[in-house]
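Asker: Here's my sequence, what's the structure:
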Amino acid sequence: MAAADDKAAVTMKVYGWAMSPFVSRALLCLEEAGVEYELVPMSRDAGDHLLPEHLARNPFGQVPVLEDGDLTLFESRAIARHVLRKYKPELLGEGSLEKSAMVDVWVEVEAQQLHPVTAAIAVECFAAFLGRARNQAVIDENVGKLESVLEVYEARLAQSKYLAGDFLSFAELSHFTFMHYFMSTEYAAMVGAYPHVKAWWEELAARPAARKVAAFMPLDLGAATKEE
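Answerer: This next block holds a predicted model:
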């Protein structure tokens, strides 16, 4: 994981499976912050998230969970904010009410507008790896929704280099993991139709932290490993 440095007296622990876009969102922020951490591997197939010891960390039986000393957190965006607030607050727009507000706006846009449609498309495109047939009707419905969302992103990124303004922020980082999977589908060409969105995505995906985290996220959802 991230190289050790003097920022963290106690190594943070992240519980979960790294191919989860929720877990990898937390990992990306830890990598960007340069914080030492330990990924405690779990198996969804084995039901590790439903064991009593994990339910004691997160009563909803979900991942990721972060342990930072005596503090235990769940929900990936809350974990990410905690890490950045503690170690790299400039990515949250610290010091400016306007900047921090704009970061919050675009994190919410990702959560409420982009995430639902890209996730729906990606999940159906990966249906074979999930052991079921693809539902093309779900894809078609969400492709239409995504076009409208991308038009908003294109307009925003035509005005500013990044979503919250002229600085890279958590607003970008929060987008990476679901977009990583979406951009491996045959619908990735939709992004190419919006030049500002395309340039924004390519810069984000090329960041060293993003490239490192992407290596934990196989595009076959680990199917090849299961077959070995």
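
Asker: Around residue 165, how many other residues sit close by?
Answerer: By the criterion of other C-beta atoms under 10 Å, residue 165 has 18 neighbours. The way it works is simple: take the backbone N, C-alpha and C, and place the C-beta from them, glycine included.

Asker: now it, what's its secondary structure?
Answerer: Recorded secondary structure, residue 165: coil (DSSP: H, G, I helix; E, B strand; the rest coil).

Asker: Show the contacting residues for it.
Answerer: Residues near residue 165 by C-beta atoms under 8 Å, 6 or more residues apart in numbering: 99, 102.

Asker: Mind jotting down where the helices sit in the protein?
Answerer: With DSSP state H as the criterion, the chain has helices at 21-33, 52-55, 76-87, 97-109, 115-125, 136-159, 170-182, 189-192, 195-205, 208-214, 223-227.

Asker: From the contact counts, what lies against the fifth one?
Answerer: To tie it back to what came earlier, the one meant is helix 115-125. helix 136-159, helix 170-182 (3 or more C-beta pairs under 8 Å, 6 or more residues apart in numbering; DSSP states H and E).

Asker: so can I have TSV of these showing distance to residue 66, mean neighbour count and mean pLDDT?
Answerer: As requested, the helices and strands packed on helix 115-125 are exported to TSV (distance: least, C-beta to C-beta, whole Å; neighbours: other C-beta atoms under 10 Å; pLDDT from 0 to 100):
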stretch	distance to residue 66	mean neighbour count	mean pLDDT
helix 136-159	29	15	97
helix 170-182	15	25	96
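
Asker: and the helices of the chain as TSV, adding distance to residue 14?
Answerer: Formatted as TSV, the helices of the chain follow (distance: least, C-beta to C-beta, whole Å):
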stretch	distance to residue 14
helix 21-33	6
helix 52-55	13
helix 76-87	8
helix 97-109	19
helix 115-125	20
helix 136-159	29
helix 170-182	14
helix 189-192	29
helix 195-205	21
helix 208-214	12
helix 223-227	20
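
Asker: for the ones you listed, which one sits closest to residue 41?
Answerer: Taking C-beta to C-beta, helix 21-33 is the member of these nearest to residue 41, at 10.3 Å.

Asker: can you give me the angle that closest one makes with helix 115-125?
Answerer: With axes from the mean of the first three to the mean of the last three C-alpha atoms, to 10 degrees applied, the angle from helix 21-33 to helix 115-125 works out at 120 degrees.

Asker: Can you check what angle separates helix 21-33 from helix 76-87?
Answerer: Using the same axes, to 10 degrees: helix 21-33 against helix 76-87 is 10 degrees.

Asker: Show me which positions of stretch 101-112 end up buried.
Answerer: Residues of stretch 101-112 classed as buried by neighbour count (16 or more other C-beta atoms under 10 Å): 102, 103, 104, 106, 107, 109, 110.

Asker: got it, and stretch 17-36?
Answerer: Neighbour counts over stretch 17-36 (16+ other C-beta under 10 Å) mark 17-33, 35-36 as buried.
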